[in-house]
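Visitor: kindly return the folded structure for what I paste below:
(one chain, ligands or ions: 1)
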Amino acid sequence: MAQTDLSVELGQRRRPRQRGWSFERYQRLREEAAADPLRFWERQAMQLSWYRRWERVLDDSQAPFYRWFVGAKTNIVANALDRHLGTATQNTLALIWEGENGELRTFSYFALHREVCQFANVLKSMGVRRGDRVTIYLPRIPELPIAMLACAKIGAVHSVVYGGFSVEALHGRLEDSASRVLVTADGGYMRGKVVPLKEIADEAVARAGTVEHLVVVRRTRQEVHMEPGRDFYYDDLMVLPVTRGADGGCETEVMDAEDPLFLLYTSGTTGKPKAIVHTHGGYQVGVATTLQLCFDLRPEDRWWCAADPGWITGHSYIVYAPLILGATSVMYEGAPTYPYPDRWWRIAEKYGVTILYTAPTAIRSLMRFGDAWVTRHDLSRLRLLGSVGEPINPEAWRWYYEVVGGGRCPIIDTWWQTETGMFMIAPVPSSPLKPGSATLPLPGVTAQVVDEEGRPVPPGEEGKLVLTSPWPAMLRGLYRDPERYRQQYWSRYPGWYLTGDSARVDEDGYFWIIGRTDDVIKVSGYRLGTAEIESALVSHPAVSEAAAIGVPHEVKGHAIRCYVLLRAGVAASPELAHELADHVAREVGPIARPEVVEIVASLPKTRSGKIMRRVLKARALGQPEGDTSTLEE
Ligand code: WTA
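Guide: Below you'll find the model as predicted:
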């Protein structure tokens with residue numbers, strides 16, 4: 001205990017931080033923040049380093065195009081890496097990485113910084129400049145955060161494409177972002193098998209035509225095609241004299257607080273995924289504040305966010321926030337059940353994980369294997385558990401709490417989105433919990449559940465979840481599509497941000513998220529758009545029309561079910577249905593593979609020809625079809 005206190009004290013001396021909130025004190029903080037949110041966010045911002053202070057905390061004169069920390073100069077890497085140099089933190093482990101094959105790699109803050117500088121110099125030598133987009137398509141290996149940080153350091157904008165996506169998904173994202181450099185790997189490991197990333201990348205690059213160079217990390221070391229003059233191996237580049245820079249470093253680019261940090265494509269209501277834009281200034285304040293508040297990170301913690309860095313959860317809470325806080329993160333490459341269903345618990349035990357943050361779908365899939373896989377491991381160091389991505393059902397909650405957490409660890413259920421950048425509705429460790437509720441909006445965040453007219457609904461009733469004031473880590477727009485940004489998020493209730501979720505609030509003001517109200521499906525926590533799947537289906541020569549819906553699934557939360565109309569003259573067969581499912585997996589990615597493809601003779605449509613997915617869904621679930629007066633037949 002004495003040792004713990006000492007290290008906390010040391011941590012505090014390095015960087016003053018809020019600690020050990022009682023729920024009463026926390027409620028007071030929420031009230032203070034509600035009375036003066038800008039003052040709250042400003043105080044949080046003051047804990048970070050800035051090259052130049054802001055003139056104003058928020059400029060809302062062009063709403064919904066909000067600007068935070070106006071006039072400030074910063075770079076998120078200055079806070080995530082640079083400021084730890086020369087302090088005790090430089091010798092702290094930033095990253096503990098375990099490969100699926102058991103390989104171990106660790107990086108102190110010092111070592112991570114060096115690696116990032118070198119790769120930043122590589123990018124520069126390839127002509128990447130401030131504002132240029134770089135696409136990163138990598139397995140879950142340390143080079144993924146390294147490449148992200150290297151981009152940020154030189155002011156380039158990274159666009160990470162999840163390694164589980166495939167050719168068409170990668171192609172669309174490369175083209176839309178007009179990336180000149182693609183960072184990828186020869187392959188990646190998943191369940192002991194090799195995913196041929198370079199092959200997929202080559203095909204996507206051939207379709208896109210904007211990419212000038214590919215940097216290829218050697219991971220699986222199998223033979224891959226390397227285009228002379230275009231493709232280079234990462235480790236060959238990292239030993240070139242030019243990458244060392246003048247003194248082994250690389251200058252951090254001084255950015256405007258509002259300069260873009262990254263694009264992250266996410267599924268929406270059209271077939272074309274949209275790129276969410278996040279910036280350096282407000283984002284760093286939002287993610288660092290919320291991680292500290294909700295998980296009360298201390299220097300002795302071992303933080304494990306088991307998400308993929310390719311999604312917002314990984315961007316915010318594997319890469320940026322933990323590094324800003326000087327924490328030690330665990331990262332694991334592969335499948336949770338490889339080679340046995342206790343792989344995660346083995347890792348948690350081995351590295352002394354104190355906080356595990358994951359998705360309900362992962363909990364449900366591990367729960368199926370029974371308690372013994374968990375209880376044979378010493379998980380006594382765990383002190384907090386986290387959940388994200390979808391509502392956590394009571395059974396999974398109880399198992400997570402009792403079996404994994406040994407009944408000691410509060411479950412921090414965090415509601416947020418790619419667009420919000422940071423946790424929005426979530427408890428702190430001292431919050432009284434109700435299983436399945438993300439509890440209350442965080443300080444400086446305002447949320448409401450409203451009816452069609454925008455009136456708050458009474459306690460217990462379902463309505464639309466809206467955010468009624470801006471927050472620093474909010475998206476700054478959709479890349480090169482301001483109109484769609486305004487339309488999609490701010491037009492339904494002027495002045496309020498529409499989340500796309502339905503929810504209810506109980507008598508205690510606790511929020512209960514119900515689910516999406518739009519054409520977004522959450523499959524195993526991954527966000528997919530029905531339109532993306534449908535456009536993959538109609539790209540198959542046998543298909544004339546297609547509709548995709550999400551249906552409840554015991555482990556995945558939702559599974560994808562598709563209905564297709566074939567072109568004239570094409571004969572229906574089980575083989576064809578199977579081939580169509582494969583086709584979606586090949587084009588979009590294995591995560592998008594439909595569970596069922598049903599070949600049908602007609603699709604329910606409105607008179608204007610829009611497919612009524614709502615009717616399909618009701619039929620699939622055996623529920624009443626609701627108002628079908630607009631149905632054509
Ligand atoms: C859902 C993931 C219930 C929600 C960070 C949201 C949740 C969508 C929770 C965003 C939660 C996320 N409880 N539902 N704790 N967290 N969601 O952009 O529907 O991949 O709108 O961001 O996930 O998904 P996204």
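
Visitor: spit out the contact partners of residue 532.
Guide: 169, 267, 271, 273, 588, 592 (Cβ atoms under 8 Å, 6 or more residues apart in numbering). From N, CA and C alone the C-beta is placed, and that goes for glycine too.

Visitor: show me what counts as buried in stretch 25-32.
Guide: Burial within stretch 25-32, assessed by neighbour count using 16 or more other Cβ atoms under 10 Å, is assigned to 26, 27, 29, 30.

Visitor: re earlier: can you list the contacts of residue 532 in a markdown table and add neighbour count, distance to residue 380 and pLDDT?
Guide: A markdown table is the format used below for the contacts of residue 532 (neighbours: other Cβ atoms under 10 Å; distance: Cβ to Cβ, whole Å; pLDDT from 0 to 100):
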| residue | neighbour count | distance to residue 380 | pLDDT |
| --- | --- | --- | --- |
| 169 | 25 | 42 | 91 |
| 267 | 26 | 40 | 77 |
| 271 | 17 | 49 | 67 |
| 273 | 23 | 43 | 79 |
| 588 | 27 | 42 | 90 |
| 592 | 26 | 39 | 92 |
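
Visitor: now the residues you listed in a markdown table, with secondary structure?
Guide: As requested, these are exported to a markdown table (DSSP: H, G, I helix; E, B strand; the rest coil):
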| residue | secondary structure |
| --- | --- |
| 169 | helix |
| 267 | coil |
| 271 | coil |
| 273 | coil |
| 588 | coil |
| 592 | helix |
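
Visitor: kindly identify which of those residues also come near the ligand.
Guide: Here nothing survives when those are matched to the ligand using Cβ under 6 Å from any ligand atom.

Visitor: name whatever forms a beta bridge with residue 217.
Guide: Partner residues in beta bridges with residue 217, using DSSP bridges, are residue 185.

Visitor: test my guess that it contacts residue 182.
Guide: No: counting by Cβ atoms under 8 Å, residue 217 does not reach residue 182; the two are 11.5 Å apart.

Visitor: would you put the C-alpha positions of stretch 96-103 in CSV?
Guide: Only the C-alpha atoms of stretch 96-103 are listed here, as CSV (Å, rounded to 0.1, in the frame of the first residue of the first chain):
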residue,chain,number,x,y,z
ILE,A,96,3.4,-4.0,-24.1
TRP,A,97,2.6,-5.9,-27.2
GLU,A,98,1.9,-9.6,-27.5
GLY,A,99,1.7,-11.3,-30.9
GLU,A,100,-0.7,-14.1,-31.5
ASN,A,101,2.2,-16.4,-31.8
GLY,A,102,3.4,-15.4,-28.3
GLU,A,103,6.0,-12.9,-29.4
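
Visitor: now it: average pLDDT?
Guide: For stretch 96-103, mean pLDDT is 97.

Visitor: same check on stretch 558-567?
Guide: When pLDDT is averaged over stretch 558-567, the result is 95.

Visitor: equivalent analysis for stretch 296-306, please.
Guide: Averaged across stretch 296-306, the pLDDT comes to 95.

Visitor: name the nearest residue to the spatially most central residue of the chain, ignoring sequence neighbours.
Guide: Against the mean C-alpha coordinate of the chain, by Cα atoms, centre = their mean, the closest residue is residue 312 at 1.9 Å. Sequence neighbours aside, residue 418 is the residue nearest to residue 312 in space, at 4.2 Å (criterion: Cβ to Cβ, 6 or more residues apart in numbering).

Visitor: burial count for the one you found?
Guide: Residue 418 has 20 neighbours, counted by other Cβ atoms under 10 Å.

Visitor: next one: residue 578
Guide: The number of residues packed around residue 578, counting by other Cβ under 10 Å, is 11.

Visitor: ok, and for the helix or strand harbouring it, which residues are buried?
Guide: Assigned by DSSP states H and E, residue 578 belongs to helix 574-587. Burial within helix 574-587, assessed by neighbour count using 16+ other Cβ under 10 Å, is assigned to 576, 577, 580, 581, 583, 584, 585, 586, 587.

Visitor: need these in a markdown table (columns: pLDDT).
Guide: Below are the buried residues of helix 574-587 laid out as a markdown table (pLDDT from 0 to 100):
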| residue | pLDDT |
| --- | --- |
| 576 | 96 |
| 577 | 96 |
| 580 | 97 |
| 581 | 96 |
| 583 | 96 |
| 584 | 95 |
| 585 | 94 |
| 586 | 92 |
| 587 | 90 |
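
Visitor: could you dump those to TSV with distance to the ligand?
Guide: Listed next are the buried residues of helix 574-587 as TSV, based on distance: Cβ to the nearest ligand atom, whole Å:
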residue	distance to the ligand
576	32
577	29
580	26
581	23
583	24
584	19
585	20
586	23
587	20
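
Visitor: so residue 186 sits against residue 214, correct?
Guide: No: using Cβ under 8 Å, residue 186 makes no contact with residue 214, being 10.8 Å away.

Visitor: identify the contacts common to the two.
Guide: Taking Cβ under 8 Å, 6+ apart as the contact rule, the neighbours common to residue 186 and residue 214 are residue 198.

Visitor: beyond the lengthiest helix in the chain, next helix or strand please.
Guide: Determined from DSSP state H, the single longest helix within the chain is helix 109-125. Scanning forward in sequence from helix 109-125 by DSSP H and E, the next helix or strand is strand 133-136.

Visitor: and the angle for the helix or strand following that following strand with helix 109-125?
Guide: Proceeding C-terminally, strand 133-136 gives way to helix 143-153 as the next helix or strand, assigned by DSSP H and E. What separates the directions of helix 143-153 and helix 109-125 is an angle of 70 degrees, with axes from the mean of the first three to the mean of the last three Cα atoms, to 10 degrees.

Visitor: what packs against helix 143-153?
Guide: helix 76-80, helix 109-125, strand 133-136, strand 157-160, strand 181-185, strand 260-266 (3 or more Cβ pairs under 8 Å, 6 or more residues apart in numbering; DSSP states H and E).

Visitor: who touches the fourth one?
Guide: This points to strand 157-160. Residues outside strand 157-160 that contact it (Cβ under 8 Å, 6+ apart): 131-138, 144, 147-148, 151-152, 173, 177, 179, 260-265, 275, 309-310, 315.

Visitor: tell me the contacts of the residue of the stretch 101-250 of the chain found nearest the ligand?
Guide: Proximity to the ligand, evaluated over the stretch 101-250 of the chain using Cβ to the nearest ligand atom, is greatest for residue 162 at 10.6 Å. Taking Cβ under 8 Å, 6+ apart as the criterion, residue 162 is in contact with 308, 310, 311, 526, 589, 591.
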